[in-house]
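J.: sequence first, then the predicted structure:
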Amino acid sequence: MRSREYDRDFRAKATRIQAWGIGLLAVAGLLWVWCAVLLVRPYSADEEPGDDHPAECESRLFTDRGTANEGLHRGDHCENERDWPEALAVLGLSVPVSVVGVALSTSGSVSRRMSAHSEAMRELDRIADARKA
């Protein structure tokens, strides 16, 4: 395989790696948006199983009442329905996805830049050799 063909294949692989990294970063961004939606949107809680009129609850993040701590003592069912583990699981899942995405994106970008640099150096060497001859 000639060096130019090898360099094209190397750049194509680096571009694919970078694209995978950008895709994983997009997935991590969607997970962050999902987590934000879980925390910011109001939700409803059934007071009894099969309740036709569930209680409307404030958002998990912006509650100005004390439902997070003392709601159950006052008969507020919203406190029991706060799904913090779900929001934290989504947030926790986004961390490794974003780390791998950053690593792949950076690796692909650096590989492409180094390949372009090598090609430029070969071209400069060729020009310098042509001037000597």
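T.: Yep, that arrived.
J.: distance from the chain centre to the longest helix anywhere in the chain, please.
T.: If you go by DSSP state H, the chain has its longest helix at helix 84-132. Its chain's average C-alpha position is 17 Å from that of helix 84-132, according to Cα atoms, centre = their mean, to the nearest Å.
J.: who are the packing partners of it?
T.: Contacts defined by 3 or more Cβ pairs under 8 Å, 6 or more residues apart in numbering; DSSP states H and E place helix 84-132 against helix 3-40. (Each C-beta comes from the backbone N, C-alpha and C, glycine too.)
J.: next, the angle helix 84-132 makes with the helix it packs on.
T.: Per axes from the mean of the first three to the mean of the last three Cα atoms, to 10 degrees, the angle that helix 3-40 makes with helix 84-132 is 160 degrees.
J.: give me the buried positions along helix 3-40.
T.: Residues of helix 3-40 classed as buried: 7, 10-11, 14, 17-18, 20-21, 24-25, 27-28, 31, 34-35, 38-39 (neighbour count, 16 or more other Cβ atoms under 10 Å).
J.: tell me the mean pLDDT for that helix?
T.: Mean pLDDT, computed over helix 3-40, is 91.
J.: likewise for stretch 114-122?
T.: In the prediction, stretch 114-122 has an average pLDDT of 87.
J.: so the residue nearest to E56 when sequence neighbours are not counted, which of the three states?
T.: Of all residues not flanking E56 in the chain, S44 sits nearest, at 5.6 Å (Cβ to Cβ, 6 or more residues apart in numbering). For S44, the assignment made with DSSP: H, G, I helix; E, B strand; the rest coil gives strand.
J.: if anything else comes up later, I'll come back, but that's it for now.
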